[in-house]
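Enquirer: Sequence below, structure please.
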Amino acid sequence: MFRTPLTNGFLRTASAAAHLRLFVLVGVVTVLVTRAFLALTDYPKLGGGAGKGGLHISHTLWGGLLMLAGLLVMLVFTGTASRRRGAVAGGVGFGLFIDEVGKLVATDGYFYRPAPGIIYLTFVALTGLAWRVTRTGCADRAVPSGATRAASAADTALQGILCGLTPQERSEALRRLRATGEPATEVDAALVALLEAVPERPAPRPDPYHAAARRAYAWLVTQVSGTRGLVHVVACGTTLQAGVLLVAVTCEGLTGGLAGETQWTAIAGALASSLASLVLAVRGTALLRRDPGAALRTLRAALLVDLLLGQVFKFTINQFSGVADWLISLALLYVLSLQVTHRQATRPQAPVSPTALTAR
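Expert: Numbering: from 1, shown residues only. Coordinates of the predicted model:
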């Protein structure tokens, strides 16, 4: 019988990374939709006015209630469906809650200028957590421990008891259970019997619209990753993005446009991160001809400096008008990541020398 002394009973579900990403995505969309709606409706106050004795129901309250609802769904019900619904409800609730962080940290209230930067930094931290869970989950699947593979199989079997398993789900669970090649334990044998005994559910019929969207996305990925000229577009875009802020701040300073500015810390941080990103982008562009691999890594570093550090200060300065700049940086990083993946997939394998074969 295996033991799990290092986990103390905490084992990640197979869908942990996917549900974390769903939580973050729903939270980001909730913040953007809430800000857009309030701006279009001139910031109405639910419940009346804000005068003396007036009733105002802040959407922080609704956010807390939705986070509670998501938590209760995951505590009371079991299975992947409950975790997915809990992630959606919790994401909406967290988005409503964090949108009013200005009221919680400053007397300026909802329009506290650093609030967008704080919100962005919060979601960056959550995205980093989801990335970490994804990497750890991939490592666990590559070399699964006895407890991990048994718990994953048990989770799938439990879902099968509730609503059945498709043939693909059953075979995948059995494959994970036997992935290590170690001698089967009594628990393994019991889980195999359970997986084979749960009712079968027919595979869902493919949605033609979903299938068409998947084919279109696959075609787009193939075109983007296979077009080497896009690397130069990404290099130019990264360089321009970093340089535009430096030029804009310089012009504002020379013309007196910064006379009434109060967020000097954010301006200094944005300038420093833009300068670092610009240096990396110029170096990456210069390396494109000599060393494409190093150029891609340097350009990715330039975009990561902007996304992980620079955008925090830009949101503080520009408020939510900086969303367009953020989306451009994300698009550039995505195109660059596809190029890196394509380069790694098409890299020729080094030939194995006869000496190495003899040593084996």
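Enquirer: I'd like the distance between the closest residue to F97 other than its chain neighbours and D99.
Expert: Distance criterion CB to CB, 6 or more residues apart in numbering; nearest residue to F97, sequence neighbours excluded, is G63 at 3.4 Å. (Each C-beta comes from the backbone N, C-alpha and C, glycine too.) With the distance defined as CB to CB, to the nearest Å, G63 ends up 8 Å from D99.
Enquirer: Also F123?
Expert: Using CB to CB, F123 is found at 11 Å from D99.
Enquirer: Of the two, which one has the most company?
Expert: When F123 and D99 are compared for neighbours, D99 comes out ahead with 24 against 17, by other CB atoms under 10 Å.
Enquirer: Quick one: residues contacting that one.
Expert: D99 makes contact with T30, V31, T34, R35, H59, G63, I119 under the criterion CB atoms under 8 Å, 6 or more residues apart in numbering.
Enquirer: same thing but at 6 Å, please
Expert: Taking CB atoms under 6 Å, 6 or more residues apart in numbering, we find D99 in contact with V31, T34.
Enquirer: So that it lines up with my notes, have the first residue be 25 from now on.
Expert: Renumbered: residue one is now 25, and that last one reads D123.
Enquirer: Distance from the chain centre to stretch 249-268, please.
Expert: Once both centres are worked out by CA atoms, centre = their mean, to the nearest Å, stretch 249-268 turns out to sit 22 Å from its chain's centre.
Enquirer: what's next to it, contact-wise?
Expert: 298, 301-302, 305, 309, 323, 326-327, 356, 359-360, 362-363, 366.
Enquirer: how about the helices in the stretch 25-174 of the chain?
Expert: For the stretch 25-174 of the chain, the helices defined by DSSP state H, counting those that start in this stretch cover 40-64, 83-100, 104-123, 125-129, 139-166, 170-187.
Enquirer: tell me the most buried of those?
Expert: helix 104-123 (a mean of 21; mean count of other CB atoms under 10 Å).
Enquirer: follow-up on the earlier one: keep only those of the contacts of stretch 249-268 that are in helices.
Expert: Among the contacts of stretch 249-268, the members falling in helices (DSSP state H) are 298, 301-302, 305, 309, 323, 326-327, 356, 359-360, 362-363, 366.
Enquirer: where does the protein dip in pLDDT?
Expert: 25-35, 38, 70-78, 161-172, 203-206, 231, 250, 369-384 (pLDDT under 70).
Enquirer: Domains in it, by residue range?
Expert: Domain segmentation of the chain under automatic domain parsing yields 40-166, 170-221, 234-367.
Enquirer: any chance of the ones you listed in JSON lines, with distance to P228 too?
Expert: As requested, the domains of the chain are exported to JSON lines (distance: least, CB to CB, whole Å):
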{"stretch": "domain 40-166", "distance to P228": "14"}
{"stretch": "domain 170-221", "distance to P228": "8"}
{"stretch": "domain 234-367", "distance to P228": "10"}
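Enquirer: And the contacts of the helix or strand containing R307?
Expert: Assigned by DSSP states H and E, R307 falls within helix 288-310. With contact meaning CB under 6 Å, 6+ apart, helix 288-310 is reached by 259, 262-263, 266-267, 269-270, 319, 322-323, 325-326, 329-330, 333-334, 337-338, 340-341.
Enquirer: Give me the buried entries from those.
Expert: With neighbours counted using 16 or more other CB atoms under 10 Å, these contain these buried positions: 259, 262-263, 266-267, 269, 319, 322-323, 325-326, 329-330, 333-334, 337-338, 340-341.
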